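[1] structure for this input, please:
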Amino acid sequence: MKKKFPAVLMILHLLALGTMITTYLLIGKTDRTVDWLFLASAVIIFICIIYTIIYSRNSMRHISKMNKHLESSAAEFMNSLPAPVAVIDDHRHFVWYNQIFAEKIGLGQDVYGHDFEGFVKMDIDSLISNGKAICPINGSIYDVTAEKFDKNDMSFLVLYFHDETNYFAIKKNMDESRPNVVVITIDNYDDIMQNAKESEKAQTSVETEKLIENFMSKTNGFIKKTSSNTFFAIIENRHLNDIIDSKFKILDAARNIKIAGKYPLTFSIGVGQGASSLSESENIARQCLDMALGRGGDQAVIKTDNGYRFFGGVSKGVEKRSRSKTRIIANAMQDLIMSSERVFLMGHRFGDLDSVGAACGLAGALKILGKQAYIAVDRSKNLARNLIDIVDEETNCGLFITPAEAEEMIGPDEIVNNT
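    Predicted coordinates:
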């Protein structure tokens with residue numbers, strides 16, 4: 001790196017010499033002693049000037065030598081780093097890389113002058129804006145960071161590749177080995193079994209337990225029977241994901257078990273996936289089981305960030321209008337509502353008093369829960385315009401909105417309910 005010549009001290013010396021000469025000329029030669037003093041001062045200042053020039057040049061040589069040494073040391077240091085490092089220019093071409101980059105990423109190829117994005121599948125603009133990026137290269141996963149610097153009117157980007165393969169392998173193993181609670185129940189077990197013979201009950205019990213044992217044999221988890229019709233299982237994520245991908249084939253297998261040769265057995269399954277603890281996983285599994293039973297059974301339910309996923313449910317099941325079922329559905333609906341920011345209600349395409357009245361009643365219940373509710377209605381195609389006007393006048397809170405407004409307002413954290 002070049003430095004400007006430090007001439008400040010020399011300029012001061014020259015100014016002092018010039019001042020002395022001017023003063024001498026103005027005063028004139030009046031005394032010989034003055035002449036000698038002036039001459040001695042001029043010689044001293046001249047010697048100082050010469051010394052300053054020599055010292056400055058030696059200093060510049062020393063600084064230049066040190067800079068070259070430092071640049072060489074920096075290059076040697078980067079080349080000896082245990083992580084791949086590369087430098088690209090403003091045209092995104094390789095201008096330098098260390099030995100380990102050539103071995104692990106270049107795989108022995110000479111990539112000097114090659115386009116970086118053509119060689120490494122990475123978006124440089126995204127890397128610069130975010131400061132870092134995760135990039136899989138040659139079977140390894142790297143955390144890439146970038147540092148920009150300018151030199152001689154040119155811009156360069158230094159890229160550091162931190163090998164995070166072991167970290168991601170450990171993280172993946174931890175995610176896959178996370179335990180989940182799965183609750184399996186036999187639908188309407190008591191109703192089906194009450195008229196069955198003892199031999200038929202025993203045979204059904206054996207076939208059921210054999211089916212569940214076969215289901216669990218493909219995992220490294222365990223299952224425990226907690227009642228005549230309920231089983232609790234602990235299954236790791238790696239095996240649970242395979243079960244989900246197969247769409248819970250156990251549901252189809254259960255229907256092949258027939259009581260008295262004509263009544264098929266059906267399962268309802270609640271899955272507590274995505275929890276931070278086994279206690280939370282059990283609560284989620286019970287919620288999902290309630291949702292499955294509330295929908296008629298014969299299905300598996302998984303809770304997601306946006307609601308629930310359902311599998312199965314092809315059989316008619318046994319629908320029961322009971323207080324327990326109403327409670328199950330109400331609890332599941334309350335969980336959905338409490339996890340949402342706002343709730344949007346809508347009825348038929350051509351609204352009537354029933355749909356608008358039900359929406360208004362539900363909006364009142366949501367207000368008690370502390371949730372903001374909106375009712376989407378098309379006033380031009382609605383038979384309950386008078387009711388809408390009355391409610392609008394009484395509440396004066398912007399409860400009714402148009403379908404177009406609702407479409408613009410609905411976000412990922414909102415819930416839409418069709419009354």
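
[2] where does the prediction get shaky in the stretch 101-250 of the chain?
    151-152 (pLDDT under 70).

[3] quick one: the residue found closest to residue 252 once you drop the neighbours it is linked to in the chain and residue 255, what's the gap?
    For residue 252, ignoring the flanking residues on the chain, the nearest one in space by CB to CB, 6 or more residues apart in numbering is residue 312 at 7.8 Å. Yep, even glycine has a C-beta here, placed from its N, CA and C like the rest. Separation of residue 312 from residue 255 (CB to CB, to the nearest Å): 9 Å.

[4] can you check residue 238 too?
    The value you get for residue 238 to residue 255, if CB to CB is used, is 27 Å.

[5] got it, and residue 371?
    Taking CB to CB, one finds residue 371 at 40 Å from residue 255.

[6] one more: residue 203?
    Residue 203 sits 16 Å away from residue 255, going by CB to CB.

[7] and the average pLDDT for stretch 344-364 is what?
    Throughout stretch 344-364, pLDDT has a mean value of 86.

[8] just the buried residues of it, please?
    344, 345, 346, 347, 351, 355, 356, 359, 360, 362, 363 (16 or more other CB atoms under 10 Å).

[9] end to end, how far does that stretch reach?
    Separation of the first and last residues of stretch 344-364 by CA to CA, to the nearest Å is 13 Å.

[10] same check on stretch 95-105?
    15 Å.

[11] buried residues, it. List them.
    Result for stretch 95-105 [16+ other CB under 10 Å]: buried residues 96, 97, 98, 100, 101, 102, 104, 105.

[12] go through the residues you listed and say which is closest to residue 171.
    residue 104 (21.1 Å; CB to CB).

[13] tell me how far the closest one lies from residue 132.
    19 Å.

[14] how about residue 339?
    For residue 339, the distance to residue 132 - CB to CB - is 32 Å.

[15] next one: residue 185
    Taking CB to CB, one finds residue 185 at 48 Å from residue 132.

[16] tell me which of these two has more neighbours.
    Neighbours per residue, other CB atoms under 10 Å: of residue 185 and residue 132, the larger number sits with residue 185, 20 against 13.

[17] partner residues bridging that one?
    With DSSP bridges as the criterion, residue 185 is bridged to residue 230, residue 268.

[18] shouldn't residue 95 be within a strand?
    Yes. Under DSSP: H, G, I helix; E, B strand; the rest coil, residue 95 sits within a strand.

[19] tell me the contacts of it?
    Applying CB atoms under 8 Å, 6 or more residues apart in numbering to residue 95 gives the contacts 87, 88, 89, 112, 113, 156.

[20] mind doing that once more with 6 Å?
    By CB atoms under 6 Å, 6 or more residues apart in numbering, residue 95 lies in contact with 87, 89.

[21] got it, and residue 93?
    residue 113.

[22] got a pLDDT number for it?
    Residue 93 carries a pLDDT value of 86.

[23] repeat that for the one 4 residues further on.
    Per-residue confidence for residue 97 comes out at a pLDDT of 85.

[24] that one and residue 157: what is the separation?
    In terms of CB to CB, residue 97 sits 12 Å off from residue 157.

[25] domains of this protein?
    Using automatic domain parsing, the domains assigned to the chain come out as 8-76, 81-169, 177-338, 342-418.

[26] can you tell me the closest non-neighbouring residue to residue 282?
    Nearest to residue 282 is residue 181, by CB to CB, 6+ apart, at 4.5 Å.

[27] sec struct for the one you found, please.
    strand.

[28] so who does it touch?
    Applying CB under 6 Å, 6+ apart, the residues near residue 181 are 272, 281, 282, 285.

[29] okay, residue 26: pLDDT?
    Value for residue 26, per-residue pLDDT: 56.

[30] now do the strands in the stretch 151-300 of the chain.
    154-163, 179-186, 222-227, 230-236, 258-259, 263-264, 267-272, 299-304 (DSSP state E, counting those that start in this stretch).

[31] just put those strands in JSON lines and tack on distance to residue 145.
    As requested, these are arranged in JSON lines below (distance: least, CB to CB, whole Å):
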{"stretch": "strand 154-163", "distance to residue 145": "5"}
{"stretch": "strand 179-186", "distance to residue 145": "35"}
{"stretch": "strand 222-227", "distance to residue 145": "44"}
{"stretch": "strand 230-236", "distance to residue 145": "34"}
{"stretch": "strand 258-259", "distance to residue 145": "63"}
{"stretch": "strand 263-264", "distance to residue 145": "59"}
{"stretch": "strand 267-272", "distance to residue 145": "38"}
{"stretch": "strand 299-304", "distance to residue 145": "34"}
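
[32] this completes my enquiry, with thanks.
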